[in-house]
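# got a sequence here, can you model it:
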Amino acid sequence: MPVYLAYLLERFRDAGGEVRVAPVGSLDEAPTWASIFPHGDHVVLGGGQRRSDDTTPDPAEEADVIARCAAIEPSLAGAEVLEHRVGLRPGRAAPRVAAEWRGDALVVHNYGHAGNGVMLSWGCARDAAALALGAAPAA
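The predicted model follows:
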């Protein structure tokens, strides 16, 4: 694992990533996650974790997301907000990746990833494909 983690860290740094190390007194002090996704002529910011089905934008939550992202990338502090969207991330205690027969059709379920969909996508897709092909998923 140390060799693999060193490889990932090298790739992260080669891509322009920066690791910041700072002491914290408890896990409560660790920063809430934030995401910054460049999309050519605009940047998508994320990091809200409201547990709700309400898709009404919340100005306080927007300001909090922008502040957390600007703490990572200061040039975002004065950026113009073009649009505010609220995305729902349906989740379960654990994602469902399972197969079941419905009559003559094999149905492969792959859902419930909440905000971890991108992070889990490759592994869950691999397992779902294996189920679709009749193989047992990787452990």
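# tell me how the protein divides into domains.
Domain assignment for the chain by automatic domain parsing gives 18-88, 91-132.
# and the last one, end to end?
Distance between the boundary residues of domain 91-132 (CA to CA, to the nearest Å) amounts to 22 Å.
# of the domains of the chain, flag the one that's most buried.
domain 91-132 (a mean of 13; mean count of other CB atoms under 10 Å). Yep, even glycine has a C-beta here, placed from its N, CA and C like the rest.
# how far does that domain sit from the chain's center?
17 Å (CA atoms, centre = their mean, to the nearest Å).
# quick check: mean pLDDT of it?
What domain 91-132 shows for mean pLDDT is 85.
# can I get the domains of the chain in TSV with distance to Glu10?
Output for the domains of the chain, formatted as TSV (distance: least, CB to CB, whole Å):
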stretch	distance to Glu10
domain 18-88	11
domain 91-132	20
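# looking at those domains, which is nearest to Pro2?
With CB to CB as the criterion, Pro2 lies closest to domain 18-88 of the domains of the chain, at 15.6 Å.
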